[in-house]
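# Build me a structure from this.
(2 chains)
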Amino acid sequence: MAGRMMMESGPLTGPVSTDGTAGATHPRSAELSGVPAKPNPAANPSNGEIDGTFWRRFTFRRPLAALVLQRLGLSVGLLFAVSLMIFGGIEALPGDFATTYLGQSATPQAVENIRKDLGLDRPWTERYVSWLGGALQGDFGTSWASKNSVGEQISKRLGNSLFLAFFAALVSVPLAVGLGMLAVQFRNRLPDKIINVVSLAAISLPEFFVGYLLIMFFAVKYGVATFPATVYDSMTFTERLSAIALPVATLVLVVLAHMMRMTRAAILNVMSSAYVETAELKGLGMFRIIARHAAPNTVAPVINVIALNLAYLVVGVVVVEVVFVYPGMGQYMVDAVTVRDMPVVQACGLIFAAFYIFLNMAADILAIIANPRLRHPR
Amino acid sequence: MSDYKDYLTRQVMLGKMNRREFLGRAAAAGILASTAGTLFATSAQAQEPKRGGHLKLGLEGAAATDSKDPAKALSQFMFVVGRNWGDMLVESHPTTGAPVPALAESWEPSADASTWTFAIRKGVKFHDGKELTLDDVIKTLQRHTDEKSESGALGVMKSIKEIKADGDKLVLVLTEGNADLPLLLTDYHLIIQPGGGIDKPDAMIGTGPFKVTSFEAGVRATFEKNADDWRTDRGYVDSVELIAMNDATARIAALSSGQVHYINRVDPKTVNLLKKAPTVEILNTSGRGHYVFIMHCNTAPFDNNDLRMALKYSMDRETMVQRILGGYGKVGNDFPINDTYALFPEGIEQRAYDPDKAAFHYKKSGHSGPVLLRTSDVAFPGAVDAAVLYQESAKKAGIEIEVKREPGDGYWTNVWNVQPFSTSYWGGRPTQDQMYSTAYLSTADWNDTRFKRPDFDKILLEARAELDEAKRKDMYRTMAMMVRDEGGLILPMFNDFVNASTKQVKGYVHDIGNDMSNGYVATRVWLDA
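Got it, this is the predicted structure:
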């Protein structure tokens, strides 16, 4: 659950500094802090040639495009920082690949062979640079333990993870938003209370527990669901769907409450504003008020929370994968960390970070599109 | 001789010996094959295996990092995978632990046990249709002997000086005499591959009862029956599926819902719950693995034998077996050998919990203050609980043990074999010689008790080359007594291998060699619908 709590802290803006990373490409680093500076009133388009740069004019004319570009630059910088942190993190772990991999059967000779083979005797800075160079060209190297191409293995695992996440999102997002709206409509009445209690209960249970409960009832007791949820190449699409039914149900239960409650809170917040009151006084129906007047203004916070949960569905499902024996990215990364298989850990970490950063960026951009006021902050 | 015949018959009736082994051993003992044949036919009809079906196993221990090269196999999962598709030169007998022929039909040592000649079985085909040759065998062994290889069998193979052909026989020349050589060749890394696996170590082509049909590291492996198998007494099912299940609860759920036929590594804490399921059978096998508390004999305060004895007497072994192993295990006697080894030294008095004797030795040692014990749950399942139990039992002898819980990550690098008093685990070895050579020889890399005794080393090396079993047994007894009374090893328990299956699974062989019927589970069982 810790992972999810962290994600609730909101989109990645503000605190990230701009030094050195993406700042170098931009003349005005202040704009990179996530809150763009207000355009200079004197710098109107006509005299932009004189006192403004191209970037300034661009920001003024196409504020949206400029913001998107900034976010992109920031994301790339962040990814670099993350890659450095991942590398340093593994470097700091006790034990190295050779000893961990050979375990109790490690003879000094075998350890020495492996270390030399993998270039572990080189300084870590050198190894970092060569790894990053490869990664930039899409080459994640080969796994130290299995000697297979990391990129190849990851594409398969990532495919599995995305398959699971996609169906979990397909069920949970409409369900959450719908339930949220339903809860508002029946505010403080029985349906609202039921939705609240059930979703609170679901969010309070750790996902492995939800998973075990589902397995116990649907696989062991009634035998209606497929378990384990192992998917493999020769499976048909329907077999796959039946295999992932239980993990998808677990994930839906786990992420539903968060999104649903956010939708409900956001709508309620808007509902108490003056223009909704006006609409009410005009005599409009409750559902119409919610759908036409309130909902558009709640898009930004709801998108944010959805993006966070989508990111969770891809990067945070390790426990669910383990419980259901599902061969996704999380399981892959855990295996690799256990034996300190650096190329795999690094690639997984980088891909997770990329997903997380991308979804947050998308949420920010969508929020700005939905709310034009955000384009020209005071 | 008739006693031996009775013994063999009993083994057959108990289903512990198959026809081939029976005939081999009966012939060796001079019993006429025809007599033996009828005997087998009358006694073992009830055990006639059924053929066919799809066997599914849910196994712990697979990882995405698993390598298909048998030289690099480490995990429990790959152990079973290898047993399915490959064969070694020699196998070990499931109940006696003695070497039995596999791809090597017979063998002959020189008088000093330093040169061994093996006859290689003829007419065996690899999965790709190629016939097994002496060349394949030689190249395989050479690959595992190469200092540059990352083979897990390198330690076992380093005593082999020369691998050569003599006509159609294989000759192995050792650096010193070793009466146990055939057993060393049972190592699961030493699967005979075409061309020694030098060109294609990952091909998974062997002579085993099953051909690999698909393999996804850390996920799943599937096999189909090898129609050309050179043996008929194995590989009863049509196809096998191994599914990686690293979560203990997932394994239990899969077994009790009937999605798999067999699971490994059942937690002793949950075994009684699992037992209640009507379709499930618990399969526990005595093993050689043992949980240990290790003291460095050369580091204060453990360089004092009285303190070591005090700590040995303050261990309540019976309680440990009950509480930590849930009863699935046997008490240990402070030397790393139990009766599953051939030439086990019988009649050594069992050391018991004795607070008075512990207090006596403790006082004599002159030590005072707490003794620091480092532990972590990666040392063995329940290691932290075991340390706390130990703390309690030692308290009654007036010995204060301070238990320090170390992080599991890096335990094997930073604590085990580094710190003077810690908890650990040892898997068994095929022979006593190997067990002692790995951890109790002065020069051993993993002498984790810092037990350095020239007199012990001398007996060990002598016993290794001794072909006379009675003499050898005597030597092993002396060595056991030395480790037990003067070593730094506290060995409270040998753990059983606890696995479970559905009741459909028949013919499970409780193999003392290693877990999961010594890895042969899929090749030995059959399904009874």
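# which other helices and strands contact the host helix or strand of B:Ser422?
Element membership for B:Ser422 (DSSP states H and E) is strand B:421-426. Under the contact criterion of 3 or more C-beta pairs under 8 Å, 6 or more residues apart in numbering or on different chains; DSSP states H and E, strand B:421-426 touches strand B:290-295, strand B:371-375, helix B:383-395. C-beta: built from backbone N, CA, C; applies to glycine.
# Same list (those) but as CSV, adding mean neighbour count, mean pLDDT and distance to A:Ala176.
Below are the helices and strands packed on strand B:421-426 laid out as CSV (neighbours: other C-beta atoms under 10 Å in any protein chain shown; pLDDT from 0 to 100; distance: least, C-beta to C-beta, whole Å):
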stretch, mean neighbour count, mean pLDDT, distance to A:Ala176
strand B:290-295, 26, 95, 49
strand B:371-375, 21, 95, 46
helix B:383-395, 19, 95, 42
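# Could you pull up phi and psi at residue 272?
You didn't say which chain, so I picked chain A. phi -90, psi 0 (degrees, to the nearest 10).
# That one - how many residues pack around it?
Using other C-beta atoms under 10 Å in any protein chain shown, A:Ser272 is surrounded by 9 other residues.
# With B:Asn272 instead?
11.
# who's in contact with it?
B:Asn272 is in contact with B:Gly326, counting by C-beta atoms under 8 Å, 6 or more residues apart in numbering or on different chains.
# for B:Glu147, same thing?
A:109, A:113, B:154.
# now the first one, what's its secondary structure?
Spelled out, that is A:Gln109. Judged by DSSP: H, G, I helix; E, B strand; the rest coil, the three-state class of A:Gln109 is helix.
# just the second one next, same as before
The local conformation at A:Asn113, judged by three-state DSSP, is helix.
# Name the nearest residue to A:Ala353, sequence neighbours excluded.
A:Val82 (4.1 Å; C-beta to C-beta, 6 or more residues apart in numbering or on different chains).
# pLDDT score assigned to A:Met1?
Predicted confidence (pLDDT) at A:Met1: the value is 36.
# Look at the residue in the stretch 401-529 of chain B that chain A sits nearest to and report its pLDDT.
For the stretch 401-529 of chain B and chain A, the shortest gap (C-beta to the nearest C-beta) falls at B:Gly410, measuring 2.9 Å. pLDDT for B:Gly410: 73.
# gap between it and B:Ser75?
20 Å (C-beta to C-beta, to the nearest Å).
# Where does pLDDT dip in the chain?
Picked chain A for this. A:1-52, A:94-95, A:101-107, A:374-378 (pLDDT under 70).
# my bad, chain B
Residues of chain B that meet the cut-off, pLDDT under 70, sit at B:1-47.
# for it, longest helix please?
The helix spanning the most residues in chain B, taking DSSP state H as the definition, is helix B:469-486.
# residue boundaries of the helices in the stretch 1-150 of chain A?
Taking DSSP state H, counting those that start in this stretch, the helices of the stretch 1-150 of chain A run over residues A:2-7, A:48-51, A:54-61, A:63-92, A:97-102, A:108-118, A:124-136, A:150-185.
# Include distance to B:Val212 when you put the ones you listed into CSV, please.
Shown next, in CSV, are the helices of the stretch 1-150 of chain A (distance: least, C-beta to C-beta, whole Å):
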stretch, distance to B:Val212
helix A:2-7, 37
helix A:48-51, 68
helix A:54-61, 59
helix A:63-92, 32
helix A:97-102, 23
helix A:108-118, 26
helix A:124-136, 31
helix A:150-185, 18
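# So which of those is nearest B:Gly97?
For B:Gly97, the closest of those is helix A:97-102, at 25.9 Å, according to C-beta to C-beta.
# tell me which parts of the stretch 51-200 of chain B are close to chain A?
Within reach of chain A by C-beta under 8 Å from any C-beta of the partner chain, the stretch 51-200 of chain B has these residues: B:58, B:63-69, B:74, B:147-152, B:154-155.
# one step back: I'd like the distance between the residue nearest to A:Ala353 and chain B.
From A:Val82 over to chain B the distance is 21 Å, taken as C-beta to the nearest C-beta, to the nearest Å.
# give me every residue that touches that residue.
A:349-350, A:353, A:357.
# Spatially nearest residue to residue 255, not counting backbone neighbours?
You didn't say which chain, so I picked chain A. A:Asn309 (4.4 Å).
# hm, I was asking about chain B
Going by C-beta to C-beta, 6+ apart, B:Leu255 has B:Ile263 as its nearest residue, at 4.8 Å.
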